[in-house]
Every structure is written in structure tokens, then in C-alpha cells.
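Visitor: sequence and predicted structure, then a few things I'm wondering about:
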Amino acid sequence: MTTAAHQPARARSGVLARYPLTSFFVLAYLLTWLVWSPWVFGRDGAGWLPTSIDPALVGYLNAFAILMGPTVAALVVTAACEGGAGVRRLLARVVRWRVGWMWYLVALVAVPVLAVLGCVVYSGTLPDVAAIGGPAFLLSYVPSFLLVAVLGGPLFEEIGWRGFALPRLQRRMAPAAAALVLGLLWTFWHLPQFFSPSWAEASGGGGPIGIALYTLTVLSFSVVISWIFNNTRASVLIAILVHTSIDAVSTLLPPMFPPGVGSSAVPVIIAFGGAALVLLAVTRGRLGIGRLRAEDA
């Protein structure tokens, strides 16, 4: 539980401190949606921006939108609740790397392999590794992985979702419920992007069915990442690596499998939904919360 030392009297008197979770999500949505709006609402995501805009610039704008949302919201509300000491504790989680080598294997190897297995089960075919350049693809995958981590969103999203929101949700409700609630709120944050046909197509499809499938996907991710987060003493760094692995491997799946398989949300739901159900059953919904120390909870 949050102690008085974590919440100085002066900080606790503000509106943000009295309603930290509500304040965080309102700020995260508002700040991100304001920055997203110029290119989300319009023809194929062009919105009010010129149709000739450099795709790289859109990538930078997307990173800025995410930075302005979950990250800024987390820092602002943490400062209001816990002052500078709380902000330092939050940022310390981002560089918490001493978690055991096994969790790096989970984040960097097991997560991509799980995504591939989902496609194998769904399609009944083995991956065509040659289609992505064989083992040599690692030379291009590493820089791409780092680019996805920054411009794709994981770095700045996870400071908010897991760094700020998840620990507070887990103080209020059971870990399984916290993971699912965060998954729904995480999905809702992404909803404006479904106005962009290209983003919707890359995320499993548009319309109500596409949004429903995307919601199931994010709920599955949220349970898996929550379990890893709790088992690594609230390491935001490992959560960032897991999130990046999920995003990075999604670009490799389409060329390795028959048309429509790698870009479908169904294989992902099979893989990570199955993993989420197993974790919920094995941990009895606690998702490793017992591994957290009092100062990390």
C-alpha cells in the first residue's frame, strides 16, 4: 500500500493526487488524442496534414503523441502524488535491469516464438524463414527492434501503463482484474487510430469485429505483461522489451506465412490468449504479485 512517506501532505491536497488513476487516464487520452488528431481523422490517416508528408515525420509525430500521453501523464500525476522522490522511483523502474537472465529470454525469445507458434497453429504451415532472409535477418532485426521501441510506442507507453497505472490498479483490485481493466483502458486509448484505414488493417481489421479482435488481443497482452512485470520486481524495462518484441515480430509474420495469416489477429489471440488463460489458471489470478516487494507494489 502507498505510505504517507510516498504522499507528502502538500502533494496529497491536489485534485490529481486525490484521483490519481482517473487523472492519469484522462491526461493520457487527452494529450495523445490532441497530437494524433491531425493525421488520424482523415483519408487513410492523412487527416489535416499534407498527403505528401514524409512517413518518417509521421513516425516521429506518433512517438511524440505517445510521449505526450502516458509518459507525461505518469510523470505529472506521480509528481502531484509523491513529489520528486516518487518521480525518481518511477524512472528507476525504467532502468531496473537486474531481474535474472531468464526474463530477458522470455522477453526477447519466448514472446516472438509464441507469436510464430500461434500462426503455425492457425495456418497449419511452418514458417518460411527464408522469406525474411534466413538467420541473417538478425542484422536488420536488432536496429529495427530499437526503432520500434522508441517510435513504435513501447518505451513511452510502458512508463504509463505498467510503470504508473498497473501498480495502483493492483492495490485496488485483484491482479487478474487489474490486468484486464488496464487492457480495456489501453485498448480505448488506441481507438482513434481505427479512423486510419491503414492502421486498422495492420491491427487486425477495422469495424466492430476488428475492434473486438483487437480488444481480445490487447487483453491477452496485458495479462502476459502483467505477469512478467510482477515477477521482475516491477521492471518497466522488461515490460518495454516484451511490448517491443510483440510489435517487432508482427512485422515478420506476414512474409513467413500464407496471405492473411501473419496480419490476422486470430493467431495472436490463439497464442497470447492461450498463454494468458494458462497464467491465470496456474497463478490462480495472482499473476506473480507475491514476488513484488513492499516498495515495488
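Guide: Here it is on my side, so go on. On a predicted model such as this, the values are computed, not experimentally measured, just so you know. Numbering: from 1, shown residues only.
Visitor: would you mind measuring the gap between the ends of stretch 163-180?
Guide: Start to finish, the residues bounding stretch 163-180 are 16 Å apart (CA to CA, to the nearest Å).
Visitor: how far does it sit from its chain's centre?
Guide: Put simply, stretch 163-180 sits 15 Å off its chain's centre (CA atoms, centre = their mean, to the nearest Å).
Visitor: next: stretch 259-274.
Guide: In this view, stretch 259-274 has its centroid 17 Å away from the chain centroid, taken as CA atoms, centre = their mean.
Visitor: do the same with stretch 105-116
Guide: On CA atoms, centre = their mean, the centre of stretch 105-116 falls 15 Å from the chain's centre.
Visitor: got it, and stretch 226-234?
Guide: That offset, for stretch 226-234, works out to 14 Å (CA atoms, centre = their mean).
Visitor: quick one: average confidence on it?
Guide: Taken as a whole, stretch 226-234 carries a mean pLDDT of 97.
Visitor: convert the C-alpha atoms of it to PDB, please.
Guide: Written as PDB, here are the backbone C-alpha positions of stretch 226-234 (Å, rounded to 0.1, in the frame of the first residue of the first chain):
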ATOM      1  CA  SER A 226       1.500  -8.000 -16.000                       C
ATOM      2  CA  TRP A 227       2.700 -11.500 -15.000                       C
ATOM      3  CA  ILE A 228       6.200 -10.700 -16.300                       C
ATOM      4  CA  PHE A 229       6.200  -7.200 -14.600                       C
ATOM      5  CA  ASN A 230       5.200  -8.700 -11.300                       C
ATOM      6  CA  ASN A 231       7.900 -11.400 -11.500                       C
ATOM      7  CA  THR A 232      10.600  -8.900 -12.300                       C
ATOM      8  CA  ARG A 233      10.000  -6.600  -9.300                       C
ATOM      9  CA  ALA A 234       8.100  -4.100 -11.300                       C
END
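Visitor: can you tell me what sits against that stretch?
Guide: Contacts of stretch 226-234 with the rest of the structure, by CB atoms under 8 Å, 6 or more residues apart in numbering, involve 93, 96, 99-100, 103, 106-107, 162, 166-167, 170, 175, 178-179, 182, 235-236, 238-239, 242, 279, 283, 287-289, 291-293, 296-297. (C-beta placed from N, C-alpha, C; glycine too.)
Visitor: show me what counts as buried in it.
Guide: Buried residues in stretch 226-234, defined by neighbour count with 16 or more other CB atoms under 10 Å: 226-234.
Visitor: longest helix of the protein?
Guide: The longest helix of the chain (DSSP state H) is helix 207-231.
Visitor: and that one, which residues are buried?
Guide: 210-211, 213-231.
Visitor: next one: stretch 191-206
Guide: So for stretch 191-206, counting by 16+ other CB under 10 Å, buried means 192-196, 199-200, 203-206.
Visitor: go on, stretch 125-132?
Guide: Applying 16+ other CB under 10 Å to stretch 125-132 flags 127, 132 as buried.
Visitor: so what touches it?
Guide: 116, 119-120, 135, 252, 255-258, 261.
Visitor: now, of those, which are buried?
Guide: For these, a burial check counting by 16+ other CB under 10 Å picks out 116, 119-120, 252, 256-257, 261.
Visitor: between those, which is nearest Pro143?
Guide: Leu252 (14.1 Å; CB to CB).
Visitor: quick revisit: now, which of the buried residues of stretch 191-206 sits nearest Phe156?
Guide: Checking the buried residues of stretch 191-206 one by one against Phe156 (CB to CB), the nearest turns out to be Gln193, at 15.4 Å.
Visitor: I'd assumed Ala248 was in contact with Tyr141.
Guide: Yes: between Tyr141 and Ala248 a contact is recorded at 7.1 Å, counting by CB atoms under 8 Å.
Visitor: more neighbours: those two, which one.
Guide: Here Tyr141 and Ala248 are compared on neighbour count by other CB atoms under 10 Å; more neighbours surround Ala248, at 23 against 18.
Visitor: spit out the contact partners of that one.
Guide: 112, 141, 144-145, 148, 152.
Visitor: return the distance of it relative to Ser144.
Guide: Going from Ala248 to Ser144 by CB to CB, to the nearest Å gives 6 Å.
Visitor: redo the buried residues of stretch 226-234 as TSV? Include distance to Phe64.
Guide: Below are these laid out as TSV (distance: CB to CB, whole Å):
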residue	distance to Phe64
Ser226	27
Trp227	31
Ile228	27
Phe229	25
Asn230	30
Asn231	32
Thr232	28
Arg233	30
Ala234	26
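Visitor: Phe25 - how many residues pack around it?
Guide: Neighbour tally, Phe25, other CB under 10 Å: 22.
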